[in-house]
Structure formats: structure tokens, C-alpha cells
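Novice: Could you work out the structure for the sequence below:
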Amino acid sequence: MILRSLTLLRFRNHRKLLLAPSLGANELVGPNGAGKTNVLEAIDFLSLGRSWRTSDVEEVVQEGESEAYVRGEVEEDGVLRRIEVSFRDGGRAVLLDGKPLARLSDLRGAFSAVRFTPEDVSLFRGPPSGRRAFLDESLSRLSGDYLLAYGRFRHLLEERNRALKKGKWGPLLETLTERLVAEEERVEDLRDRFLRRLEKAFGKLSEALLGQGRDPKVRLKRFLEPGEGFARRALALHLSQKERDLALGSTQSGPQRDDLLVSLDGREAASYASQGESRALALALRLAPALIPKGAARPVVLLDDVFGELDQERRRRLVALLPRLGQSFITGTTSHVAGARHIHIGTNDSEE
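Specialist: The predicted structure follows:
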């Protein structure tokens, strides 16, 4: 996938910003506070229609203004499409080729991006919720089936939790539990398929950033292993825990409790990897979904202040890796990539 052009109007601190990026590496260079990360956020809006930085879309509207606008022209296999996102009155509207989308899930497949931010360096040492969020977001970008299955699962989980809070087991909870198990099986099966591909891509990227002779692994610590008889085993597990679920008012087992674990040379990265190794592994994990699709379908790569998180040797390794990743957008206060298109982002309104 290629982002051919980007237009921002009254988005965050950019009153008007027009970009025509190169097909390879694009470095967004400027002082801190100039709005470089805001540009990456806008690009990511074109992919999922939402922000990783805030759930309040009013925050993206420039102070003193009533609306903001992002437009991108994207290309895949020679087909050019237009994605527009407008923000007004606390809501957003998404158009694809001039037609409004009723659901954000309908945007999937038109454009895709993967990103790395400074917060990701604590991915292994942080709570499991952050790693699950990475897993679910990455899978949702790549698989419409997962996006729908996970949405159904979350809806049923919320229904079951509401019923549990009433403190009494009955026909409603029995039905919800049976329906939940069916969606759990689908979610875990799709996660299993994705993890097989993710591990290969993660291994390649880890080797590129850490060097040969290391043994990085990624695995999913599941509430229940997939395979034969999953539905029967999952139902039995939920029924055996119904008294605890009722006491706590929530479902204590399920895909919402899975955890993505990374190891290096046979030891858990969260406990044993050095700071430099942890940063390289976190970057490899974040970028791994970019290597899973083939050909033109590969997502655009967004790297926010990545060189500030790496030592000199790993910076060199990342620069050597960039051509394999396709189109990329990299923010920083100085330039690091020879041959990249250098785009200056100033503290005032910008136009390229």
C-alpha cells in the first residue's frame, strides 16, 4: 500500500498541511512540539478511523475551531482510492471514494498501517492489556473475519457480565455462556493462525535488529489451548467457574485474559532482556505485521521518534532494514536516513 498524498485541515496544531510523500522512507523532521506525531496520527486515522492517542475526537480539532479534516489518496495494485475523515460536534464521519461508511469496519482493507511509538518500549514490562491491544489491533487490520468475530465476542462478553452482576444463575446466563463459547472458539482459532505467521516475521525482524545467533520467540499464553473439543472444554471451564464469576460480577476466563509473551534465548524478555534488547524486540514485534501481507498489500510503516529509542548500532540496523518495509514515515528532531525524503515540520502552519 502507498500513501500518495495527505491533506490536513485544522487537525491538532496543523491549520493546513499538504504532503506528497515518496514511495520509500519519509523523514518528518522538526523541533519537539512541532506536530510530527500529529501527522502520524492523521495517517493512522485513514487506516482504522480512530486514534491510538485519544478516544475523544474533539481533541484532534485545532483549538478555537469547530471542525477538522484529514484526506488521503492511497494506492494498491495501481488502484487509487480516496479516504476522508472529518471531525465535528464530538463525532467523526468517514468517506471512502466519496461515499459515507456506516461502520468503521468497512474501512478495513482500503488502507493499512503499522506503528511504533516511544510508549512501546515498555510493551513487555507493562500489563497484559497492552499486549492484547496490540494483538487485537494488528489482527483487525489484517483480517475482516477477526474484526467481526472479536466484535461479536466483546458484545456477548459484556452481555454476560451484565447478567452476572445480577448475582443469580439461570437460563439467560446458560444461553449467553453457550453463545460466548462459540465466539471464543472462533477468536482463538484466528489468533492461532495469525500467531504462526507473526512468529516467522518477528524472528526475521529480531535477527535484523539484534544480529544472528539469538533465539527470539513469541507465544500466546491462552486461557485454553485451541484444538479438538475446544467448545466442550471451554463450556466446562465456564460452568466450573460460575460461582466465582457471579461473586465477582464478571467473566474470569476467556480470550480477554490471554497474554502475548516474548522470550529471548529461552528466557522471558520482560525479566531478562536488557534495555537495548527490549527496545529492539518491541520494535520487531510492532513491525512484524508489516511483513505478513505479500506484495502491494503490505501496510505503511509509522515510526515515531524511533531513533531516539535505539543505540547507534541498532539505528544502523534499522536504516538497513527500512527498504524491506516499503513506504515508511519516521519522525525525529534530526535526519538519520540517507536517501529518504526529508519533510520539515515547523512550529507554525506547514505546507509541502
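Novice: CA atoms for contacts and neighbours, from now on please.
Specialist: Will do.
Novice: Could you list the buried residues of the host helix or strand of Arg154?
Specialist: Element membership of Arg154 [criterion: DSSP states H and E] is helix 144-164. Using 16 or more other C-alpha atoms under 10 Å as the test for burial, helix 144-164 gives 144, 146-147, 149-154, 156-157, 159-161, 163-164.
Novice: And for stretch 338-348?
Specialist: Here stretch 338-348 shows Ala340, Arg341, His342, Ile343, His344, Ile345, Gly346 as buried, counting by 16+ other C-alpha under 10 Å.
Novice: which residues touch stretch 185-198?
Specialist: 139, 146, 149-150, 153, 219-220, 226, 230-231, 255, 288-289, 292 (C-alpha atoms under 8 Å, 6 or more residues apart in numbering).
Novice: Now restrict those residues to buried residues only.
Specialist: By 16+ other C-alpha under 10 Å, the contacts of stretch 185-198 give 139, 146, 149-150, 153, 220, 226, 230-231, 255, 288-289, 292 as buried.
Novice: just checking, Leu224 touches Ala236?
Specialist: No: the pair Leu224 and Ala236 fails to qualify as a contact (C-alpha atoms under 8 Å) at a distance of 11.2 Å.
Novice: Which one's more surrounded, the two?
Specialist: Taking other C-alpha atoms under 10 Å, Leu224 and Ala236 do not tie; Leu224 has more neighbours (17 against 11).
Novice: And the pLDDT for that one?
Specialist: With respect to pLDDT, Leu224 scores 94.
Novice: Next: Glu351.
Specialist: In this model, Glu351 is scored at 44, pLDDT.
Novice: Please apply the same query to Asp305.
Specialist: So Asp305 comes in at 92 (pLDDT).
Novice: measure it to Glu119 for me?
Specialist: 10 Å (C-alpha to C-alpha, to the nearest Å).
Novice: Please report phi then psi for the residue lying closest to Asn13 once chain neighbours are set aside.
Specialist: Among residues not flanking Asn13 along the chain, Gln62 sits closest, at 5.9 Å (C-alpha to C-alpha, 6 or more residues apart in numbering). Gln62 adopts backbone torsions of phi -60, psi 140, taken as degrees, to the nearest 10.
Novice: In contact with Gln62, which residues?
Specialist: Arg10, Phe11, Arg12, Asn13, His14, Arg15, Ala68.
Novice: just to revisit the earlier point, for the buried ones among the contacts of stretch 185-198, work out which two are farthest apart.
Specialist: Ala231 and Ala288 (30.4 Å; C-alpha to C-alpha).
Novice: Now do the contacts for Arg103.
Specialist: Counting by C-alpha under 8 Å, 6+ apart, Arg103 has no contacts.
Novice: who touches stretch 315-322?
Specialist: Ala25, Ala208, Leu209, Phe307, Ser328, His336, Val337.
Novice: Going by neighbour count, list what's buried in that stretch.
Specialist: So, applying 16+ other C-alpha under 10 Å, buried residues of stretch 315-322: Arg315, Arg317, Leu318.
Novice: any idea which element the first one lies in?
Specialist: To tie it back to what came earlier, the one meant is Arg315. Arg315 belongs to helix 312-325, assigned by DSSP H and E.
Novice: next structured bit after that helix?
Specialist: Next along from helix 312-325, by DSSP H and E: strand 328-332.
Novice: Quick check: which helices or strands does the helix or strand just after that next one pack against?
Specialist: As assigned by DSSP H and E, the chain's next helix or strand after strand 328-332 is strand 341-344. Contacts defined by 3 or more C-alpha pairs under 8 Å, 6 or more residues apart in numbering; DSSP states H and E place strand 341-344 against strand 25-29.
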